[in-house]
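Give the three-dimensional model of this entry:
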Amino acid sequence: MNPIKKLASQTLIYGIPSIAGRFLNYSLTYLYTRVFALDQFGVNSELYAYSGFFAVLLLFGMDTAFFRFQQKASDPEKVYSTVLNFIVPSSLTFLVLMYVIGTPLAGVLKYSNHLEYIHWFAWMLALDSISAIPFVKLRAENRAKRFATIKIIEIAVNMSVNIFFLIFCRHAYLHNPGSFLARLYSPTLGVGYVFIANLVASGVKMLLLTPQLKSIFYGFDRELFKKMLRYSLPMVVIGFAGIINEMLDRMMLKYMLPYDNLHNLAQLGIYGACYKLSLLMSLFIQAFRFAAEPFFFAHADKDDSKKLYADVTNYFIIFCVFVFLLVMLYMNWFQYFIGVKYRVGLPVVPILLAANLCFGIYVNLSIWYKLTDNTLLGAVVSLGGAALTIVLNILFIPKYGYMASAWATLACYGSMAIASYIMGQKYFPVNYFVKKDLGYIFLGFALWLLGDWIQTNLLNQFGHFWILSSVLMLVFLGVVWVLDGKKLIQGIKPVA
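Predicted structure coming up:
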């Protein structure tokens with residue numbers, strides 16, 4: 001099979017559960033922003049931001065290290081077993097630790113009345129970190145269908161539990177308080193039902209992955225582990241920096257906005273809800289990363305690998321700009337995924353979409369440090385982005401609120417993409433289609449700005465907004481067809 005076609009098909013298969021999950025998440029966001037108060041949704045956004053840091057810590061970069069070492073190992077099963085024998089005990093140790101320090105931690109986070117939140121998140125994180133390693137093995141073995149099936153089941157369970165508590169049980173509580181379902185619902189638990197649903201889904205996922213955990217008995221290679229640890233430690237730094245860039249703003253808003261705690265949480269809730277609208281692009285990036293990481297490693301030693309990487313980046317940017325236009329040109333529809341009281345934050349969406357585009361470009365360009373084992377230099381790039389995120393948020397959140405956080409995210413990912421390109425050309429030079437790729441990006445933003453201006457000033461002359469939006473989208477697709485249509489067709493044709 002043509003390598004580009006294979007990457008596209010793998011991205012599609014990995015993307016099915018991601019896309020389904022995100023769209024279901026959109027529908028849940030629709031529910032959450034109508035069931036929960038602004039400050040309650042802020043709690044949801046904050047705690048999931050914290051969980052991102054622990055998720056990186058518990059994996060310890062071993063997911064990427066596994067890909068790197070199993071590729072050249074004489075016994076790939078030993079690599080997998082070694083990773084499992086590290087991740088499982090460390091995750092269980094973390095779980096015990098969270099029970100030991102849970103009470104003071106809840107006090108520090110101002111959730112003393114909801115210690116159960118800390119415990120539930122500890123279980124979620126432990127289960128998810130252990131599950132991540134079998135998922136990595138499925139990706140390495142190109143078992144994308146099993147990967148997707150388990151992910152879809154996890155999503156379905158999460159969705160079902162949410163609906164059960166927040167629709168059926170809540171409705172019974174409001175309209176039939178003496179019923180059995182009504183007794184299962186307590187308004188004081190608030191967003192805790194969201195966490196319960198996630199925990200149940202994580203547990204089901206863990207059960208489905210049990211067959212992949214039997215390899216833990218294959219043994220532990222101490223010398224191999226030391227080598228993997230040297231490779232993965234910088235990846236932990238990169239991961240932490242990435243979470244700072246993605247999540248820190250949602251933690252800082254609560255403490256740096258110049259209002260009381262409830263108002264700060266409300267602002268965080270608005271930002272968190274609008275952030276969801278930018279995730280349509282990030283779900284594609286996530287699916288792409290699942291497929292691309294083993295793909296890049298597998299083709300590293302082939303003669304045409306660098307040309308292949310340039311083509312992949314070109315296609316990737318085309319699709320991301322398409323997603324940007326899809327969301328922004330049809331924002332009149334997408335806005336209904338969040339409640340009316342949250343839509344005041346919609347101006348952050350184009351900024352965050354642009355930030356995600358830059359992050360996706362960085363993901364493509366970052367192959368240089370993974371393929372050359374320069375993970376320490378890769379960590380420097382990520383730390384630079386994290387430092388920029390911290391400084392910009394500290395300087396501007398008190399005055400500009402969540403808009404400052406959105407711009408800081410764009411500045412961070414934009415600078416990381418530029419830095420990664422410059423360093424990549426030194427250590428692993430690839431002839432990317434820089435002018436054409438930038439041209440697509442500028443065209444996308446120009447079409448969005450044109451559409452926004454026309455809708456603002458001349459909409460009555462054009463009728464329904466979707467006609468204008470569709471015309472502008474066709475203009476973009478027409479340019480893509482003229483510049484890359486032939487190459488795209490050749491890219492998806494199977495090799496004779």
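
Is it correct that residue 325 is in contact with residue 445?
No - the criterion here is Cβ atoms under 8 Å, and residue 325 misses it with residue 445 at 9.2 Å. Where you see a C-beta, it was placed from the backbone N, CA and C, and this is true even at glycine.

Now do the shared contacts for these two.
Overlap between the neighbourhoods of residue 325 and residue 445 is empty, taking contacts as Cβ atoms under 8 Å, 6 or more residues apart in numbering.

Neighbour count: those two, which is higher?
Counting neighbours by other Cβ atoms under 10 Å for residue 325 and for residue 445 shows that residue 325 has the greater number, 23 against 17.

Check the offset of the host helix or strand of that one from the chain's centre.
The secondary structure element spanning residue 325 is helix 305-329 (assigned by DSSP states H and E). Its chain's C-alpha centre and that of helix 305-329 lie 17 Å apart, by Cα atoms, centre = their mean, to the nearest Å.

What is that helix packed up against?
Contacting helix 305-329 under the criterion 3 or more Cβ pairs under 8 Å, 6 or more residues apart in numbering; DSSP states H and E are the following elements: helix 3-35, helix 279-298, helix 348-365, helix 434-457, helix 465-492.

low-confidence ranges in this protein?
Low-confidence regions of the chain, defined by pLDDT under 70, span residues 1-26, 73, 287, 290-295, 297-301, 303, 458-464, 486-496.

Would you mind confirming that residue 88 is in contact with residue 216?
Yes - the pair residue 88 / residue 216 is scored as a contact, 6.4 Å apart, by Cβ under 8 Å.

So for these two, which residue has more residues nearby?
residue 216 (19 against 16).

Quick check: which element contains the closest residue to the more buried one other than its chain neighbours?
Using Cβ to Cβ, 6 or more residues apart in numbering and skipping the chain neighbours, the partner closest in space to residue 216 is residue 84 (4.4 Å). For residue 84, the enclosing helix or strand under DSSP H and E is helix 76-108.

List the buried residues in stretch 468-482.
Burial within stretch 468-482, assessed by neighbour count using 16 or more other Cβ atoms under 10 Å, is assigned to 468, 469, 472, 473, 476, 479, 480.

any idea which of these is closest to residue 345?
Top of the list for closeness to residue 345, among these and by Cβ to Cβ, is residue 469 at 21.5 Å.

which non-adjacent residue is nearest that closest one?
In space, and not counting its chain neighbours, residue 469 is closest to residue 329: 3.7 Å by Cβ to Cβ, 6+ apart.

From what I see, that neighbour and residue 448 are in contact.
Yes - applying Cβ under 8 Å, one finds residue 329 in contact with residue 448, separated by 6.5 Å.

list the contacts for the nearest residue to residue 343 once chain neighbours are set aside?
In this structure, residue 343 finds its nearest non-sequential neighbour in residue 335, 5.6 Å apart by Cβ to Cβ, 6+ apart. The neighbours of residue 335, taking Cβ under 8 Å, 6+ apart as the test, are 277, 343, 346.

Look up phi and psi at residue 335.
Backbone dihedrals for residue 335, given as degrees, to the nearest 10, come out at phi -60, psi -20.

Pull out the buried residues from the helix or strand in which residue 275 is found.
Under the assignment given by DSSP H and E, the secondary-structure element containing residue 275 is helix 261-277. Neighbour-count burial for helix 261-277, counted by 16+ other Cβ under 10 Å, picks out 264-277.

and the angle from it to helix 348-365?
Our comparison of helix 261-277 with helix 348-365, counting by axes from the mean of the first three to the mean of the last three Cα atoms, to 10 degrees, yields an angle of 60 degrees.

now for helix 261-277, which elements pack on it?
Helices and strands touching helix 261-277, by 3+ Cβ pairs under 8 Å, 6+ apart, are helix 3-35, helix 38-59, helix 222-256, helix 348-365, helix 402-427.

Can you tell me how far residue 74 is from residue 219?
Shown here: residue 74 relative to residue 219, a distance of 14 Å by Cβ to Cβ, to the nearest Å.

what's residue 469 in contact with, if anything?
By Cβ under 8 Å, 6+ apart, the residues touching residue 469 are 329, 330, 451.

next one: residue 319
For residue 319, the contacting residues are residue 284, by Cβ under 8 Å, 6+ apart.

And it, how close does it get to residue 475?
17 Å.

ok, now residue 49?
In this structure, residue 49 and residue 475 are separated by 38 Å, where distance is defined by Cβ to Cβ.

for residue 225, same thing?
54 Å.

Repeat that for residue 171.
Separation of residue 171 from residue 475 (Cβ to Cβ) stands at 46 Å.

Next: residue 390.
As judged by Cβ to Cβ, residue 390 and residue 475 stand 40 Å apart.

Over to residue 268?
Counting by Cβ to Cβ - residue 268 and residue 475 are separated by 38 Å.

With residue 36 instead?
As judged by Cβ to Cβ, residue 36 and residue 475 stand 40 Å apart.

With residue 182 instead?
Residue 182 sits 54 Å away from residue 475, going by Cβ to Cβ.

related to what we said a few turns ago, helices or strands up against the helix holding residue 84?
helix 38-59, helix 62-70, helix 115-140, helix 222-256.

For stretch 408-428, buried residues please.
Along stretch 408-428, the positions that meet the burial threshold by neighbour count (16+ other Cβ under 10 Å) are 408-417, 419-421, 423-424, 428.

For residue 309, state which of those is nearest.
Using Cβ to Cβ, residue 428 is the member of the buried residues of stretch 408-428 that sits closest to residue 309, with 9.0 Å.

doesn't residue 365 make contact with that closest one?
No - in this structure residue 428 lies outside contact range of residue 365 using Cβ under 8 Å: 9.6 Å.
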